[in-house]
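A.B. asks: structural data only, the sequence is not supplied:
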């Protein structure tokens, strides 16, 4: 059962901006550099308590403890696949849950995080959307997933967590302010988590009206969940297409400012008999011609209650071949963690009642 949020709880310091923290210290007669010291402890060193901030004066540590908390999402459940993929179910203060997935690559980890509890997009292939949107995550709840999984990667030893994708539960651009604030911390190279913007990807269902804002507020990479090259099919798969049809979305992508050699990634979930034929591949190749684009092909990952099916490998590879012949970089993202509750929202759907 969902529990109510605890009353009168002190604010989480990770929901406070650097400027707000500087002002807080100034209001208590302390110099501004104390804010950066505290932030370095929070993010670079990932401490769990103010008492661990040993280069801050005892008075400053006490002041922080009196006014703020350092919260972390509670690990409710962990599933580890044979390939090393690790799926976390994180409990939040109000009893709701979100998922993060830590994925081992050749020489590093990639982390997929959530930005909302549930999702309002209602995509037909997505289990998360079945419950609708419950609420946005705060910046601290977004950052907390990253810090907890950094600790997990460090505990495993060897590879480090270097890549991040906002591709879990929720639509990041529908929680714009909190997502941008969290990305500011995640990519800050001085006191933040120090992720390179080139290794952070934000995935959207296509909220094109926020693209100009996004380009001005962050340099992280953009991925667009497309999944069809014609409006009829995309209407069926993604209700957002009725508001922002393909032509408008592609026009926004064409205008999107990119650094030299960068491309927008288009994610295309291949669903048997729906969007997986060579004809569909040719339509996609033509559609993306005006955009500096590359394509991630994602075979559909079945989940309970769906009628959609995964295509055969031969159909997946034939689709890729058409794109390659049309001079696109097209990568098949073969499923990882297939022996656990791998579909986004599946673990939460089974536990968050």
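C.D. replies: Cool, got the structure. None of these values were measured; they are calculated from a predicted model.
A.B. asks: show me which residues of stretch 67-75 are buried.
C.D. replies: 68-73 (16 or more other CB atoms under 10 Å). (Glycine included, C-beta is placed from N, CA and C.)
A.B. asks: for the helix or strand where residue 213 lies, name the packing helices and strands.
C.D. replies: Assigned by DSSP states H and E, residue 213 falls within helix 211-217. Helices and strands touching helix 211-217, by 3 or more CB pairs under 8 Å, 6 or more residues apart in numbering; DSSP states H and E, are helix 176-187, helix 246-255.
A.B. asks: and the next element down the chain from it?
C.D. replies: strand 221-225.
A.B. asks: and stretch 226-242, what's buried?
C.D. replies: For stretch 226-242, using 16+ other CB under 10 Å, the buried residues are 226-229, 233-235, 237-241.
A.B. asks: now do stretch 116-136
C.D. replies: Residues 116-119, 121, 123-130, 133-134, 136 are the ones in stretch 116-136 that count as buried (16+ other CB under 10 Å).
A.B. asks: if we can go back for a sec, turn the buried residues of stretch 226-242 into JSON lines, columns for secondary structure.
C.D. replies: As requested, these are exported to JSON lines (DSSP: H, G, I helix; E, B strand; the rest coil):
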{"residue": "226", "secondary structure": "coil"}
{"residue": "227", "secondary structure": "coil"}
{"residue": "228", "secondary structure": "coil"}
{"residue": "229", "secondary structure": "coil"}
{"residue": "233", "secondary structure": "helix"}
{"residue": "234", "secondary structure": "helix"}
{"residue": "235", "secondary structure": "helix"}
{"residue": "237", "secondary structure": "helix"}
{"residue": "238", "secondary structure": "coil"}
{"residue": "239", "secondary structure": "coil"}
{"residue": "240", "secondary structure": "helix"}
{"residue": "241", "secondary structure": "helix"}
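A.B. asks: and these, which two are the farthest apart?
C.D. replies: 229 and 239 (17.4 Å; CB to CB).
A.B. asks: avg pLDDT for whichever strand or helix holds residue 242?
C.D. replies: Using DSSP H and E, residue 242 sits within helix 240-243. Averaged across helix 240-243, the pLDDT comes to 98.
A.B. asks: what's the answer for stretch 265-283, then?
C.D. replies: On average, stretch 265-283 scores 98.
A.B. asks: buried stuff in that stretch?
C.D. replies: In stretch 265-283, counting by 16+ other CB under 10 Å, buried: 265-272, 274-277, 280-283.
A.B. asks: which among those residues gets closest to residue 160?
C.D. replies: Nearest member of those to residue 160, counting by CB to CB, is residue 265, at 22.6 Å.
A.B. asks: distance of the residue lying closest to residue 273 once chain neighbours are set aside from residue 301?
C.D. replies: The shortest distance from residue 273 to any non-neighbouring residue, by CB to CB, 6 or more residues apart in numbering, is to residue 309 (7.3 Å). The gap separating residue 309 from residue 301 is 11 Å, by CB to CB, to the nearest Å.
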